[in-house]
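Visitor: Provided below for reference: sequence and predicted model.
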Amino acid sequence: MKFVDEAVIRVEAGDGGNGIVSFRREKYVPRGGPDGGDGGDGGNVYVKADTNLNTLVDYRFTKFHKAERGENGGSADCTGARGEDKVLLLPVGTRITDVATGEVIGDLRHEGDVLCVARGGRHGFGNTHFKSATNQAPRQKTNGTKGERRQLKLEMLLVSDVGLVGLPNAGKSTFVRAVSAAKPKVADYPFTTLVPSLGVVKTSQGRSFVIEDIPGLIEGASEGAGLGHRFLKHLERCRVLVHLVDVHPIDESDPVDNVNIIENEIKQYAHELYNKPRWLVANKVDLGTEEEAKETLEKIIASMEVKPERTFIISGLNKTGVNELIFALQDLVDEVKQQELQQDIKPKAEDFVWTEPEVITRDDDEDDFDEDEGPEFIYKG
């Protein structure tokens, strides 16, 4: 299935049903009084997180989604039926933004999270609502209010614990294959990874974390060069970034310069991402000696503006030092998850302000009303 992580859609909540002007007209009941019912409320539009989905491809082709309108009121004090809600199923990790205002309405971070993105209109009142001791034959009614209409931007942000960054051919895909069951493409040329891939790393019974590999970044990525800029947003929810650097580049480039290129692109993209906890991992140590890798790491750290919290030396190919790295990552992920559970942040729907409905009055003179004009009179103005 095609990987689509962005879509723009239009949603419309249902309008509220109108109230009606009606009078009870039955034999032997010469003045039955008003019996016009209220309309029904319009349906809401909701979005719901579903773990069975992993792409927004359906919303690239179906861009308009509307909830049902509330029915109009009826005679005999019958209230119109409420409009049916519209529920849109989205992948877990989807962020919803109002295109007009740029406001983030909410995030669907957990399975089953539900968010109201458009409120249905409120029902109108029938003339029974206006009956009183001094107004025994009211000819007023109100129409239902309009439902919310919005244009929404949907962004699917992959939910992972550990995000891998680095230049193309730094060995990220090889590392993911070494520690998980995921099988991203591996080859001896750049940009073998075209879309983000996720892998589950199981460290022990009941303990695991999700690792994410995005396409390699190059200089100018924050401005649109290469592929990685399209997927940097997927790293926003990672708990830690693992910067993988090839200490023996096949093109004989300087690892110090390579690291600073990536660090600068992350900084240009978003300071929030740049300030995430960062671990520096020297990869492909099998092509040289551990002493050479340590010397290279020292030079890299000295040149970095944001110092890495921890450093490791590994070989993704023969798995040297890999176990030490993944167990350390597991401990960090467990610690951060525990802190997040204590916060228990849930998305909230934006408050909807009801507008007062306009009261509509029948213009006919009450004294001219013909009691024999039929079983009922419904004003549809």
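Guide: Ah, there it is.
Visitor: what does the host helix or strand of Gly163 contact?
Guide: Element membership for Gly163, per DSSP states H and E: strand 162-165. Strand 162-165 is touched from outside by 172, 175-176, 201, 209-214, 217, 234-235, 238-244, 262, 266, 329, 333, with contacts defined as C-beta atoms under 8 Å, 6 or more residues apart in numbering. Every C-beta, even on glycine, is put in place using the N, C-alpha and C of the backbone.
Visitor: packing partners for the lengthiest helix in the chain?
Guide: For the chain, the longest helix by residue count, based on DSSP state H, is helix 322-343. Contacting helix 322-343 under the criterion 3 or more C-beta pairs under 8 Å, 6 or more residues apart in numbering; DSSP states H and E are the following elements: helix 172-179, strand 197-204, strand 207-213, strand 240-246, strand 310-313.
Visitor: what angle sits between the second one and helix 172-179?
Guide: Yep, that's strand 197-204 we're talking about. 30 degrees (axes from the mean of the first three to the mean of the last three C-alpha atoms, to 10 degrees).
Visitor: what is strand 197-204 packed up against?
Guide: So strand 197-204, by 3+ C-beta pairs under 8 Å, 6+ apart, packs with helix 172-179, strand 207-213, helix 322-343.
Visitor: quick one: mean pLDDT for the longest one?
Guide: This predicted structure assigns helix 322-343 an average pLDDT of 85.
Visitor: again, but for the shortest one
Guide: Model confidence over strand 207-213, given as mean pLDDT, is 87.
Visitor: repeat that for the first one.
Guide: Summarised as a single mean, pLDDT over helix 172-179 is 85.
Visitor: how big is the angle separating it from strand 207-213?
Guide: Going by the same axes, to 10 degrees, helix 172-179 makes 160 degrees with strand 207-213.
Visitor: what's the angle from helix 172-179 to strand 240-246?
Guide: Using the same axes, to 10 degrees: helix 172-179 against strand 240-246 is 110 degrees.
Visitor: same for helix 172-179, what does it pack against?
Guide: Judged by 3+ C-beta pairs under 8 Å, 6+ apart, helix 172-179 is in contact with strand 162-165, strand 197-204, strand 207-213, helix 322-343.
Visitor: again, 10 Å this time
Guide: On a contact count with 3 or more C-beta pairs under 10 Å, 6 or more residues apart in numbering; DSSP states H and E, helix 172-179 meets strand 162-165, strand 197-204, strand 207-213, strand 240-246, strand 278-283, helix 322-343.
Visitor: now do the first one: distance to the chain's middle.
Guide: Between the centre of strand 162-165 and the centre of its host chain there is 21 Å, according to C-alpha atoms, centre = their mean, to the nearest Å.
Visitor: so what strands line up beside it?
Guide: strand 207-213 (parallel), strand 240-246 (parallel) (DSSP bridges).
Visitor: adding distance to Asp38 and mean neighbour count, write the ones you listed out as TSV.
Guide: As requested, the strands paired with strand 162-165 are exported to TSV (distance: least, C-beta to C-beta, whole Å; neighbours: other C-beta atoms under 10 Å):
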stretch	distance to Asp38	mean neighbour count
strand 207-213	50	21
strand 240-246	56	23
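Visitor: quick one: Arg278 and Leu241, what's the gap?
Guide: Separation of Arg278 from Leu241 (C-beta to C-beta, to the nearest Å): 5 Å.
Visitor: what is the burial count for the closest residue to Lys299 other than its chain neighbours?
Guide: Once flanking residues are discounted, Lys299 sits nearest to Val256: 5.2 Å by C-beta to C-beta, 6 or more residues apart in numbering. Val256: 17 surrounding residues under other C-beta atoms under 10 Å.
Visitor: at which residues are the helices of the protein located?
Guide: 58-61, 172-179, 255-269, 271-274, 290-303, 322-343.
Visitor: out of those helices, the one nearest Asn143 is which?
Guide: helix 58-61 (32.1 Å; C-beta to C-beta).
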